[in-house]
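Novice: below: sequence and its predicted model.
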Amino acid sequence: MAAQFDADPVDERVVKALGHPTRVRILNVLRDRELASPVELSAELGVALGTVGYHVRRLEALGFIELARRTQRRGAVEHHYRARQVLDEADAGVTAHPAAGLAGEAIVVARAGQAALARGGFDAVAAHADLHALALDAHGREELRRALAEWDATVERIARASASRIAGGGQPDHRCAAVVMCFELPVGLGED
């Protein structure tokens, strides 16, 4: 995710990297440990080595992790990876390690919202914000998960269609951030 919403587009690498829970778990392990191999990650996470290997390759290709060391093991070479810092501290104003996951993104979103508020960005006709504190059972939680996935797909469809029109010679006339956050509330917060 870009730290400066008024200057940089949302970094699709962040969306792709954090779009799968196994990748987030891998980044969390690498945040806590200096180095780890796919074999070690597989054992620690309880995820098949092939699956871990796939996600490690994707994270490396996206620039979130890097090969740090190769070790000979019983006639094979074991690769050890480390997490890379993705957001520039000067741009983000915070230390944002990719393994910070949603917490790091929430900080960036809060700062972008604060900057938009200072510039009058919430005065626009299209500006909209809602807050709903919900008490959900398992069925409600699953319904909300599906609704959020549909929302995400709709936003992506709208963005792709706009990008296509702009690429065809159209001009962007609106830059915005569309944010939906769903997170656990501390006990007592949001209760009536």
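Specialist: Thanks, I have the structure now. Bear in mind the structure is a predicted one, so any value in this text is a computation, not a measurement. Numbers count the residues shown, from 1 in each chain.

Novice: average pLDDT across the longest helix belonging to the chain?
Specialist: Ranked by number of residues, the top helix in the chain under DSSP state H is helix 138-167. Across helix 138-167, pLDDT averages out at 90.

Novice: now stretch 43-57
Specialist: The model assigns stretch 43-57 a mean pLDDT of 93.

Novice: now do the buried residues in it.
Specialist: L45, V47, V52, G53, H55, V56 (16 or more other Cβ atoms under 10 Å). Placement of C-beta: from N, CA and C, glycine included.

Novice: which one of those residues is nearest E150?
Specialist: Ranked by distance to E150 (Cβ to Cβ), the buried residues of stretch 43-57 are led by H55 at 24.8 Å.

Novice: now the closest one: how far from R157?
Specialist: Separation of H55 from R157 (Cβ to Cβ, to the nearest Å) stands at 26 Å.

Novice: strands of the chain, start to end?
Specialist: 65-73, 76-83 (DSSP state E).

Novice: residue ranges of each domain in the protein, please.
Specialist: 1-126, 130-192 (automatic domain parsing).

Novice: where among the ones you listed is average confidence lowest?
Specialist: domain 1-126 (a mean of 72).

Novice: thought L59 was touching L27?
Specialist: Yes - using Cβ atoms under 8 Å, L59 makes contact with L27 at a distance of 7.1 Å.

Novice: which ones are touching E40?
Specialist: By Cβ atoms under 8 Å, 6 or more residues apart in numbering, E40 lies in contact with nothing.
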